[in-house]
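J.: Need a 3D model of the sequence below.
(chains A, B and C)
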Amino acid sequence: MRFEKPVPLQQIAQLINAELIGNATASATGINEIHKVEKGDLAFVDHPKYYDTCISSAASFIIINKKTSFPEGKALLIVEDPFEAYLKIVDHFRPFKPSMKLISDSAGIGKDTVIMPGAYIGNRVSIGKNCIIQPNVTILDHVIIGDNVVIQSGTVIGSDAFYYNKKTNRDVHYKKMASCGRVVIENAVEIGAGCTIDRGVTGDTLIGAGTKIDNLVHIGHDTIIGKNCLLAAQVGIAGAVTIEDNVILWGQVGVNKTLTIGEGAVIYAQSGVKDSIPGNKVYFGSPVEDAREKMKELVWIKRIPELWKRVMKNQGA
Amino acid sequence: MRFEKPVPLQQIAQLINAELIGNATASATGINEIHKVEKGDLAFVDHPKYYDTCISSAASFIIINKKTSFPEGKALLIVEDPFEAYLKIVDHFRPFKPSMKLISDSAGIGKDTVIMPGAYIGNRVSIGKNCIIQPNVTILDHVIIGDNVVIQSGTVIGSDAFYYNKKTNRDVHYKKMASCGRVVIENAVEIGAGCTIDRGVTGDTLIGAGTKIDNLVHIGHDTIIGKNCLLAAQVGIAGAVTIEDNVILWGQVGVNKTLTIGEGAVIYAQSGVKDSIPGNKVYFGSPVEDAREKMKELVWIKRIPELWKRVMKNQGA
Amino acid sequence: MRFEKPVPLQQIAQLINAELIGNATASATGINEIHKVEKGDLAFVDHPKYYDTCISSAASFIIINKKTSFPEGKALLIVEDPFEAYLKIVDHFRPFKPSMKLISDSAGIGKDTVIMPGAYIGNRVSIGKNCIIQPNVTILDHVIIGDNVVIQSGTVIGSDAFYYNKKTNRDVHYKKMASCGRVVIENAVEIGAGCTIDRGVTGDTLIGAGTKIDNLVHIGHDTIIGKNCLLAAQVGIAGAVTIEDNVILWGQVGVNKTLTIGEGAVIYAQSGVKDSIPGNKVYFGSPVEDAREKMKELVWIKRIPELWKRVMKNQGA
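T.: Next up, the predicted model:
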């Protein structure tokens, strides 16, 4: 999440009741997770295992639960519970103020765009020109939509990430990581009926220009989908995935989190993508393999009874 | 289904035009299916194969299509078509009177709970404190929701069971078993966007405290889900399943009806659970097996061509 | 798509700026795809590979991008881009004029049918008697629904087909084939919550009488489903499929496009139907096989390690 304008560290330290050491007069430009963080951002870390990764990341300012050494120019904000501090910052700078109107006053809607009955458009949503938002669609806060986009009935854009921190030592077992990111949908994207696209946790979920999505498709938080992809019905994509341009996923394909599918890859129906795979190839299976190899495998399996017979004969059984 | 107060058997016999024999002055406390029935309840049976099971069940009063012997203290209500009699009783004591308002006058909504635009709240729904019901959610009659619950957009709670009786000797091929049960959602449950949770047929569908559910998940009628479970996107669970505490189902997992998944079990993505499985283990495959065994199996399959070559060589082929 | 009344070819030629040769005084009764076209209809073809098929099809009038020979009595309408001409005709005769009311004035709703709050009923929709349309259902233009039909919450009927033409030589990569067909739902059909049923591209998507559909099911464009079928939760059926009467598809089954499933077939959960299959048999697997054969195969796979051991022993390894 980017702040609307840089925020003095001292203001943030006060908000989360932190001891501030290091570059105390600096200002923070936003707050992000370790793998998304940029120079000028805050990040938080609460497990000793990740201290080093976080302190040596691009993050300029680290919310942490232990005083430790850090590079010059950076700063530490020391608190007892960095995750709670993160939630407090998000709640302060991007508070949840539910719009109680079907179309929020702060939504911007372009020329020749049609919003049909029962559609909900949240706060600060921006929709471009010549779009069709069908009945009973839900577009939640901060979603950005380009021109010539079609969103069919019942689809939900900008739902919260399915992202929980386990808190076994408390009353609360799982605590939700607040989603303060956005969904960005580029020009000429078409999304079918009954889909769900989660917002980013701290960054953006992105659907690239010209991509077409069928019905009942799920796309997780912070996932980046390239241009001119085709996603058939009931495809499910987990969080923080990268799908490059011109990828085709056929029906009911599942994609595991944080991996990359290379440009031009084609995945046959009902396959499961477990790890990153290179582009310009055809895949099948769960977990996926080269489609032709997988097909051969299915033929080999059918030969097991004959193999058995031959082996028994060899043994004189 | 529990009646609001005990109902004299004679009143029920009159309603369904039954011959009443046995303990005719008793009152019934509710009506339930054989496997859910308790003392004081009515149950119905129409197939000779199940007469004994039903008569010797906990049910005190049996709606049946044949005069037969039964234990002292119980009663028979003899009718030509027990299933039709069941439907008549349900329709009488829990009639379908659709609310024509987005929020029914008989719904109870707790302090600090936010109901967003386009959400429908049916008759006698009860929602606790500090909940968020997002836009275009549908919560049907008799659903009970605890405190600190989040239900995301487009989700439907309390849909009818997919439960039909085959009537091959009639105009009607499949006749729906009326769903008169409820959905009960405990505290701190969070449900994603586009989910569907069916009500119980005669009992309750239950989601235990602290359980978190991702988008586009389906949960069938009378299914009991324990506390602090995680259900990832596009999971589908059939009817009358028991999922114990702390179970994790990853994306697109399917679960067959009436089985039990033991406490702490983890099921990998796209797996299919066909029969009951013990807890505290990791599973994979369709049908599921121990995940490590399944992984080994996938390696063994890749060795078939080599096996084939060796066997051919042995045979001098 | 059938025109409301026959349209003189000369009017159509003028609309799409075509050179008209052949039976120039005739009138067209409708416009359809090659595999659906009937005598009196227009069809279009833009790839030399399909010229012959189209010209010798039932189509009376062919929109084409090359002057070529054709049977007597037929006519050619020659244009540079037949696909664009098709889109222009559809837009002219069945323009998209979104209803801005929850229930369109041109919708017809039968006696004792209940439309619950938040449901959207589009232009020229026809709903029969004694139906229940639950909250937040979306029924788009031109859908025809019989008597005694139940449609549960959140379901979308009449969404656009997922059908794109690749246009690699243009700015637009994929161009949508406009859906001008309908969805026809016969008597006593019951559809669960959160389903999506696409309209036909030029013809109808049909759900046969007495068929029951569970939650989160997707049905593609121009698919024909027979009478008294059961489709369990999260089933996905692609476009232009034929499912004959009394077929049962269990949960999460996927069905490939344009194939036929024979009468009375039963497909076990999570299976994938890749090609047409005969009726009155039980199937399992992805791709599906005879269920018993598939089960045996799973047992054979478990014997590979023993086979390996025996072969190694034979070789004295």
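J.: Just checking stretch A:197-208 against chain B, any contact.
T.: Yes: with Cβ under 8 Å from any Cβ of the partner chain as the threshold, stretch A:197-208 lies in contact with chain B, specifically through residue A:198. Where you see a C-beta, it was placed from the backbone N, CA and C, and this is true even at glycine.
J.: centre of the chain versus that stretch, how much separation?
T.: Using Cα atoms, centre = their mean, to the nearest Å, the mean C-alpha position of stretch A:197-208 is found 5 Å from that of the whole chain.
J.: Spell out which parts of the stretch 201-317 of chain A neighbour chain B.
T.: Residues of the stretch 201-317 of chain A found near chain B (Cβ under 8 Å from any Cβ) are A:216, A:218, A:220, A:234, A:236, A:238, A:252, A:254, A:256, A:270, A:272, A:286, A:297, A:300-301, A:303-304, A:307, A:310-311, A:314.
J.: Can you say which of these are buried?
T.: By neighbour count, with 16 or more other Cβ atoms under 10 Å in any protein chain shown, those hold A:216, A:218, A:220, A:234, A:236, A:238, A:252, A:254, A:256, A:270, A:272, A:286, A:297, A:300-301, A:304, A:307, A:310-311 as buried.
J.: Just the ones of those residues in helices?
T.: When those are checked against helices using DSSP state H, the ones located there are A:297, A:300-301, A:304, A:307, A:310-311.
J.: Tell me which ones among the residues you listed also neighbour chain C, please.
T.: Applying Cβ under 8 Å from any Cβ to those, those adjacent to chain C are A:301, A:304, A:307, A:311.
J.: Help me confirm that the first one comes into contact with residue B:300.
T.: Which is residue A:301. No: in this structure residue A:301 lies outside contact range of residue B:300 using Cβ atoms under 8 Å: 10.5 Å.
J.: got any residues that touch both of the two?
T.: Contact with both residue A:301 and residue B:300 is made by residues residue C:301, according to Cβ atoms under 8 Å, 6 or more residues apart in numbering or on different chains.
J.: Adding pLDDT and distance to residue C:27, write the ones next to chain C among the ones in helices among the buried ones among the residues of the stretch 201-317 of chain A next to chain B out as JSON lines.
T.: What follows is those, written out as JSON lines (pLDDT from 0 to 100; distance: Cβ to Cβ, whole Å):
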{"residue": "A:301", "pLDDT": "96", "distance to residue C:27": "58"}
{"residue": "A:304", "pLDDT": "95", "distance to residue C:27": "63"}
{"residue": "A:307", "pLDDT": "92", "distance to residue C:27": "67"}
{"residue": "A:311", "pLDDT": "89", "distance to residue C:27": "73"}
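J.: Throw those residues into a markdown table and include distance to residue B:191, thanks.
T.: Formatted as a markdown table, the entries for these read as follows, by distance: Cβ to Cβ, whole Å:
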| residue | distance to residue B:191 |
| --- | --- |
| A:301 | 40 |
| A:304 | 44 |
| A:307 | 49 |
| A:311 | 53 |
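J.: which residues sit in contact with the residue found closest to residue A:308 once you drop the neighbours it is linked to in the chain?
T.: With sequence-adjacent residues excluded and distances taken as Cβ to Cβ, 6 or more residues apart in numbering or on different chains, residue A:308 is closest to residue C:307, at 6.2 Å. Under the criterion of Cβ under 8 Å, 6+ apart, the contact partners of residue C:307 comprise A:304, A:307-308, A:311, B:307.
J.: 10 Å instead?
T.: For residue C:307, the set of contacting residues under the criterion of Cβ atoms under 10 Å, 6 or more residues apart in numbering or on different chains consists of A:304, A:307-308, A:310-312, B:300, B:303-304, B:307, B:311, C:300.
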